[in-house]
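**Student:** Coordinates for the following, if possible.
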Amino acid sequence: MSLRKKPKITAKRIAASRANGRRSRGSSTAERRESIRAALLRHGFSMPAEEEAMRALGEDPADFLKLLEALWEEWNPVGGLQEGLVIRLARAMWLMNRADRMQEGYALRQAQEVSSGRQDRLHARMMGLKMTAESLRLLVQSVACEHYVTPPADLEKMKNLRQEGVLKDMGEIALALFYQLQAPGTGEDGIDPDEQSRRALQRMKEIFGLTPDCAPPGYGAPPQSSQPGESPQGAQPGVAPAAACPSPSADQAGKVGALQPEEKDERYPNISAAGWEARERPRQLLENILTRQVEICEEQRTALLKESVKGPSPYERAAEIAPTHPHARVMRGMQDSNFREVRRVTNLLLKIKRQSRNE
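**Tutor:** Reported below is the predicted structural model:
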């Protein structure tokens, strides 16, 4: 409950309020506008020059005069000090609104620049994802062959995909598997000498349990000859990896399952049947990884297509027009400075009005 008694509204008080209102504000007439223009001249403002500057900035001088008239009617300045403060208040409010328009205008220009190249960027990303998916499909078809051995073409293609960065961490694992599935004796145990690929291969082996213990004896090294100086029986020194998966011969087409222990693939006599069996698990893992990456590329391409049709969301648009230009802080400082000027002038006018009433 308030301890202050509310004033009683009487007919006499209402009549006095109306009389004071007519005396203080009056009607907006040509005479009042002329008095405002005269006050502007008294306080050093040349309206023709001000109007010319406003028009050059794309502003309407009539809007400024309307703002000044509204403030003049509200404060009803008496004397030169109050007139000057009301004019200063009008200018501070006008400059504060101008700072707002500056920030919004730059945001509009930035949004238009982003929108002009948005479709081109989305189209380029979709084309890149499509080309990546096609390359991965070709690798999947190659890896899906029985008794797969990494050819140089597949290895080079996988290196290029890893350098593009589209596959991220899975690209390192896939590349390490390609190195592991090289022909025995390639490089240093078929492993890329690059240290990053070594670490990726070691991490992949730890995750999927592909430890060196599961490799059969003699895997990765040529078989020993029976007598010194003799070449291994059936060995083909310097055999290059096959570039593609060959069609099985007629006698091999009827066989089901893996090679028998005494049988060997004619292309890679150094790899025994047990060796092929040990290579099957990383081959399947590589095929699954590549297949999943093809699906991911297609999902991303579909999402980009929907985004290009729907357009940016309000959050994306807000991120695009974020004030990243070097003068953003300066414009914000101008806005804050004008706001503080409005507050100071308003407080000063209130104190002057309060003092004049007390007198």
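
**Student:** Surely Val342 and Leu89 touch.
**Tutor:** Yes: counting by CB atoms under 8 Å, Leu89 is a contact partner of Val342 at 6.4 Å. No exception for glycine: its C-beta is placed from N, CA and C like everyone else's.

**Student:** the more surrounded of those two?
**Tutor:** Each of Val342 and Leu89 has its neighbours counted (other CB atoms under 10 Å); Leu89 has more, 23 against 17.

**Student:** now the more buried one: how far from Glu298?
**Tutor:** Here Leu89 is placed at a distance of 62 Å from Glu298 (CB to CB, to the nearest Å).

**Student:** got it, and Arg283?
**Tutor:** Taken as CB to CB, the span from Arg283 to Glu298 is 23 Å.

**Student:** burial of Glu134, as a residue count?
**Tutor:** Glu134, neighbours per other CB under 10 Å, totals 12.

**Student:** by contact count, what packs against the helix or strand encompassing it?
**Tutor:** If you go by DSSP states H and E, Glu134 is part of helix 79-143. Applying 3 or more CB pairs under 8 Å, 6 or more residues apart in numbering; DSSP states H and E, one finds that helix 79-143 contacts helix 30-42, helix 61-75, helix 152-164, helix 273-310, helix 314-320, helix 328-358.

**Student:** tell me the domain ranges of the protein?
**Tutor:** With domains defined by automatic domain parsing, the chain comprises 30-115+324-358, 118-219+265-318.

**Student:** most neighbours per residue, which of these?
**Tutor:** domain 118-219+265-318 (a mean of 16; mean count of other CB atoms under 10 Å).

**Student:** Kindly check the end-to-end length of it for me.
**Tutor:** Taking CA to CA, to the nearest Å as the measure, domain 118-219+265-318 stretches 15 Å from start to finish.

**Student:** what is the rounded mean pLDDT of that domain?
**Tutor:** Mean pLDDT, domain 118-219+265-318: 79.

**Student:** And the closest residue to Glu59 other than its chain neighbours, how far from Glu34?
**Tutor:** Using CB to CB, 6 or more residues apart in numbering and skipping the chain neighbours, the partner closest in space to Glu59 is Arg98 (7.4 Å). According to CB to CB, Arg98 and Glu34 sit 26 Å apart.

**Student:** can you check Ala49 too?
**Tutor:** Distance, Ala49 to Glu34, by CB to CB: 18 Å.

**Student:** Same question for Arg137.
**Tutor:** Remark: distance between Arg137 and Glu34 (CB to CB) = 82 Å.

**Student:** contacting residues around Asp336?
**Tutor:** With CB atoms under 8 Å, 6 or more residues apart in numbering as the criterion, no residue contacts Asp336.

**Student:** swap in Glu50?
**Tutor:** Contacts for Glu50 (CB under 8 Å, 6+ apart) come out as 61, 64.

**Student:** change it to 7 Å
**Tutor:** Pro61 (CB atoms under 7 Å, 6 or more residues apart in numbering).

**Student:** Let me know the pLDDT of it.
**Tutor:** pLDDT, Glu50: 84.

**Student:** when you give positions from now on, start the count at 726
**Tutor:** With 726 as the first residue, the last one maps to Glu775.

**Student:** Distance from the helix or strand hosting it to the middle of the chain?
**Tutor:** Counting by DSSP H and E, the element that carries Glu775 is helix 772-781. A distance of 43 Å separates the C-alpha centroid of helix 772-781 from that of its chain, computed with CA atoms, centre = their mean, to the nearest Å.

**Student:** cool, and stretch 901-911?
**Tutor:** Using CA atoms, centre = their mean, the offset of stretch 901-911 from its chain centre is 38 Å.

**Student:** How about stretch 811-831?
**Tutor:** Centre-to-centre, stretch 811-831 and its host chain are 33 Å apart (CA atoms, centre = their mean).

**Student:** pLDDT of that stretch, averaged?
**Tutor:** According to the model, stretch 811-831 has a mean pLDDT of 90.

**Student:** Find the nearest non-adjacent residue to Gln1060, please.
**Tutor:** Ala824 is the one closest to Gln1060 (CB to CB, 6+ apart), at 3.8 Å.

**Student:** Contacts only, for the one you found.
**Tutor:** Ala824 touches 1056, 1059-1060, 1063, counting by CB under 7 Å, 6+ apart.

**Student:** Also Ala836?
**Tutor:** Contact analysis of Ala836 by CB under 7 Å, 6+ apart lists 1042, 1045-1046.

**Student:** and the gap between it and Asp1061?
**Tutor:** 24 Å.

**Student:** centre of the chain versus stretch 821-833, how much separation?
**Tutor:** In terms of CA atoms, centre = their mean, the centre of stretch 821-833 is set 25 Å apart from its chain centre.

**Student:** Just the CA trace of it, in PDB.
**Tutor:** The C-alpha coordinates for stretch 821-833 follow below in PDB (Å, rounded to 0.1, in the frame of the first residue of the first chain):
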ATOM      1  CA  MET A 821      22.200   7.900 -33.200                       C
ATOM      2  CA  ASN A 822      19.600   6.800 -35.800                       C
ATOM      3  CA  ARG A 823      22.100   7.500 -38.500                       C
ATOM      4  CA  ALA A 824      24.600   5.100 -36.800                       C
ATOM      5  CA  ASP A 825      21.900   2.500 -36.800                       C
ATOM      6  CA  ARG A 826      21.400   2.900 -40.500                       C
ATOM      7  CA  MET A 827      25.100   2.700 -41.200                       C
ATOM      8  CA  GLN A 828      25.300  -0.700 -39.500                       C
ATOM      9  CA  GLU A 829      22.200  -2.000 -41.100                       C
ATOM     10  CA  GLY A 830      23.300  -0.700 -44.500                       C
ATOM     11  CA  TYR A 831      26.600  -2.400 -44.300                       C
ATOM     12  CA  ALA A 832      24.900  -5.700 -43.200                       C
ATOM     13  CA  LEU A 833      22.600  -5.400 -46.200                       C
END
